[in-house]
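Mind folding the following:
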Amino acid sequence: MVVRLLGVSGVVAVGSVLLWSCSDGGGSAENGKPDAGGDSGSDSASTPCKTGEFRCVGDALETCTADQTHFQPVATCKAGLCDAEGKQCDNCVAGDGACEPNGTSYKACDATGQKEQATTCTGATPFCTDKAGKASCVACKVASDCPPSASECSLAACSTEGACGVSAVAKGAPCGAAGAGGSCDGAGACVYCTPGEKRCTGLVPETCDAKSQWSAAAACSGADPICLAGACVQCTATADCAASTNDCLSATCASNKCGYSPQAQGTACGSGSGTGTCNGSGQCNVCQPGSKTCNGNVPLVCGSNGQYSAQTACGGGTPECDPASGSCVQCTSLAQCPTSSNPCLSPLCTTGSCGFAPKAAGTTCPGGTCSATGVCQICTPGTKTCSGNSVLTCNAQGQYDAPVPCSGGTPVCAGGVCQAGPICGNGTPEGTEQCDDGNATNSDLCSATCKVCDPPITALTNNGAGLGDGGSYAGWALGGQASVEFWVRFKSPSASDMAVSTAYDDSSTGGWFCLATPTQVSFTLRYADPTAELNAAIAPALDVWHHVACQYDGGTMRLFLDGSQVGSKAATGSLHAYSQHLLILHRNKWVSAMAGGYAAREIRIGNQVVYSGAFKPSWTLAPVAGTVALYHLNEGSGSTLASAVSGAPSLLLTGTTSWTGYGSACQ
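Next up, the predicted model:
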């Protein structure tokens, strides 16, 4: 308890002890802070303090009593926090602060000294630092807090004030790409060279610029393709220069420029156009004056200077240059001469001119053989034969003269002679004869009395969409020759085609085929190739057996009907090699709308020609040289057609087919 003694200035009783103090009325500064509300007026002796005045005595906060006679205690503040000016005990010293444990924020006493205010460090100053009781936000605390330097010759640094910067790497420290020669200049820059210095990197000239950096120019190329001491030059040695096309000039390299110097007189030259010698001035004399030769189809004449002079190029009727004479000719080799349209003549080249020479006598030609004079003879001169009831006489050129009809008492031609009445067995139907097959037997289609008859047989009838397929077999690829033949009997003029074919899906698979209809026979070596197709119009009698044969010998296609040639055509190449299917009865697999309407028998397929001229068809066929497959079509039942040739596959029948018996004994 504090007791104020009236009339006694500065006397304070604390407990039972009296404290005496002298006061000049100016307050006290024992705690280092001035008194609050003190009066320095003239009445200070009579009034030690003023109302509302505060002072600190050590850590004790005192205030003037109402009667202004003395100070009385208000509170005991925490050490050092007595605030007379603020008339209070402060909780903290204004401005003092400390960083939080997270290192990125701090708390600091506000201006009132009553509370701490939190601050978070962000942006450019994300770190907290405190010194002498003061906390603040800074950019860094250590160098690793700062962004790395953009230059390898300077390092990131943090100042004592917490600001980021850089410090230079020691001068001479290596920098830049390995092997590039860079070093630090001690001021933070990487330098590579001395300004003005030059060098080459491969073909690229480089110059050291003002910043001691290498600056590259365009790579050396064109006329100056070599880099030397930082500059593009033509050469550094003779080997860098192109050789001269003139045998009498040698390449040189002087002052990094290419040039030429003459070869010594007498040096051999002219490797491109003849043997010559250099004249010592760079000229090559390559020929003897007046001599001639060729450069391609251009004649060359050697002048008095020992050089060739080009003449007018060969052309027109003499397009070739003869090197032996230097003159324009028609040919210098057989390949330059045209072939003859005459199959019995061969081209030749003699003394620069094209001509023709007869092929060897007996050489095969279309329809006959060649004579020794180069004529294709279809008959032997002087012989005679019959064409119907007319006589044909073979002339000296091996050709038949115009037919001379038999008349009068000898109206019939037999054996090339006009005779009286029909002669059965002479091969020519005459008078009342229905047929004449050149024999007098009953075992074929023409009887011994020249009447048409059918021996008893069983044949396969196609009633519509019938088809036989032999499947895949290497033998169907016939190669460079072919013989395909069969017997067919058409029932109506609208009957569809009877064919033997490998053109399973037409253009999709290709293939070859031999076929007959009531109006034509047709032979194709390669489907969709017009040059390999042969057609012949026919009008065979209905309900009568006819023999059809397609033949190819590698140079000529031929069609035969009943043993007579009805068409031929020159052709080259092989038959199409498709071998996945062999079809009979129709040409391809698209048979759903086919009409059929015919019977077939005796199909023989081979890879060698069987017929080259008129022949008498065999009623029953047998294997011959080159036969690949043979089908008699006389099974009488079932859907499998066996081949009479070993190894050839059987044909499997589908669609509407049947077996039909034909004929009776011939009389």
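
what residue ranges in the stretch 451-600 of the chain score low on pLDDT?
Scanning the stretch 451-600 of the chain for pLDDT under 70 picks out 454.

For stretch 411-418, what is the distance to the chain centroid?
Distance of stretch 411-418 from the chain centroid (C-alpha atoms, centre = their mean, to the nearest Å) equals 73 Å.

Okay, buried residues for that stretch please.
Across stretch 411-418, burial judged by 16 or more other C-beta atoms under 10 Å covers 411-414, 418. Every C-beta, even on glycine, is put in place using the N, C-alpha and C of the backbone.

With stretch 390-410 instead?
391-394, 398, 400, 403, 406.

ok, which pair from these is furthest apart?
Using C-beta to C-beta, the pair of the buried residues of stretch 390-410 lying farthest apart is 398 and 406, separated by 23.6 Å.

circling back to that earlier point, from the buried residues of stretch 390-410, which is closest to residue 229?
Minimum separation from residue 229 among the buried residues of stretch 390-410 (C-beta to C-beta) is found for residue 398, which lies at 90.5 Å.

where's the closest one relative to residue 564, distance?
Distance of residue 398 to residue 564, computed by C-beta to C-beta, to the nearest Å: 20 Å.

can you confirm residue 531 is in a helix?
Yes - judged by DSSP: H, G, I helix; E, B strand; the rest coil, residue 531 forms part of a helix.

How about it: what's its closest non-neighbour residue?
Excluding the flanking residues, the one nearest residue 531 by C-beta to C-beta, 6 or more residues apart in numbering is residue 571, at 6.8 Å.

Show the contacting residues for the one you found.
Each residue near residue 571 by C-beta atoms under 8 Å, 6 or more residues apart in numbering is listed here: 525, 531-532, 534, 552, 555-557.

Heading C-terminal from the helix or strand hosting residue 251, find the next helix or strand.
Following DSSP states H and E, one finds residue 251 within strand 249-254. Toward the C-terminus, strand 249-254 is succeeded by strand 257-262 as the next helix or strand (DSSP H and E).

what residues does that following strand touch?
With C-beta under 8 Å, 6+ apart as the criterion, strand 257-262 contacts 233-235, 240-242, 244, 246, 248-253, 278, 280-282.

for it, which positions count as buried?
Result for strand 257-262 [16+ other C-beta under 10 Å]: buried residues 258-260, 262.

Stretch 428-441 now?
Applying 16+ other C-beta under 10 Å to stretch 428-441 flags 428-430, 433, 435-437 as buried.

Pick the one among those residues closest to residue 474.
residue 437 (37.3 Å).

which SS state does that closest one fall under?
State at residue 437, reduced to three classes by three-state DSSP: coil.

Would you mind measuring from it to residue 632?
Residue 437 sits 21 Å away from residue 632, going by C-beta to C-beta.

Could you measure from the residue most central in space within the chain over to residue 527?
Nearest to the geometric centre of the chain sits residue 508, at 25.5 Å (C-alpha atoms, centre = their mean). Using C-beta to C-beta, we find residue 508 at a distance of 9 Å from residue 527.

With residue 87 instead?
To residue 527, residue 87 is 123 Å away according to C-beta to C-beta.

More neighbours: the two, which one.
Comparing residue 87 with residue 527 by other C-beta atoms under 10 Å, the one with more neighbours is residue 527, at 24 against 15.

Tell me who's in contact with the more buried one.
So residue 527 contacts 503, 506-507, 509-513, 576 (C-beta under 8 Å, 6+ apart).

cool, residue 499 as well?
Residue 499 makes contact with 513-516, 583-587 under the criterion C-beta under 8 Å, 6+ apart.

try 6 Å
513, 515, 586-587 (C-beta atoms under 6 Å, 6 or more residues apart in numbering).

quick revisit: quick check on the contacts of residue 527: which are buried?
Buried subset of the contacts of residue 527 (neighbour count, 16+ other C-beta under 10 Å): 503, 506, 509-513, 576.

Show only the entries of the residues you listed found in strands.
residue 513 (DSSP state E).

Which one of the buried ones among the contacts of residue 527 is nearest to residue 596?
Closest approach to residue 596 among the buried ones among the contacts of residue 527 (C-beta to C-beta): residue 513, at 17.2 Å.

just checking, that closest one touches residue 501?
Yes - with contact defined as C-beta atoms under 6 Å, residue 513 counts as touching residue 501 (3.4 Å).

quick one: common contacting residues for the two?
Residues touching both residue 513 and residue 501 (C-beta under 6 Å, 6+ apart): residue 587.

re earlier: farthest pair in the buried residues of stretch 428-441?
430 and 437 (13.0 Å).

Do you have the strands of the stretch 401-550 of the chain handy? List them.
With strands called from DSSP state E, counting those that start in this stretch, the stretch 401-550 of the chain shows them at 404-405, 412-414, 417-419, 457-462, 467-469, 482-490, 498-501, 513-516, 520-524, 533-537, 546-552.

Now do the contacts for residue 627.
Going by C-beta under 6 Å, 6+ apart, residue 627 touches 606, 645.

Kindly recompute the last result at 8 Å.
By C-beta under 8 Å, 6+ apart, the residues touching residue 627 are 604-606, 645.

May I have the beta-bridge partners of it?
residue 606 (DSSP bridges).

separation between it and residue 546?
Separation of residue 627 from residue 546 (C-beta to C-beta) stands at 21 Å.

Surely residue 604 is within a helix?
No - counting by three-state DSSP, residue 604 falls outside a helix, being strand.

right, and it touches residue 487 too?
No - under the criterion of C-beta atoms under 8 Å, residue 604 makes no contact with residue 487, lying 10.0 Å away.
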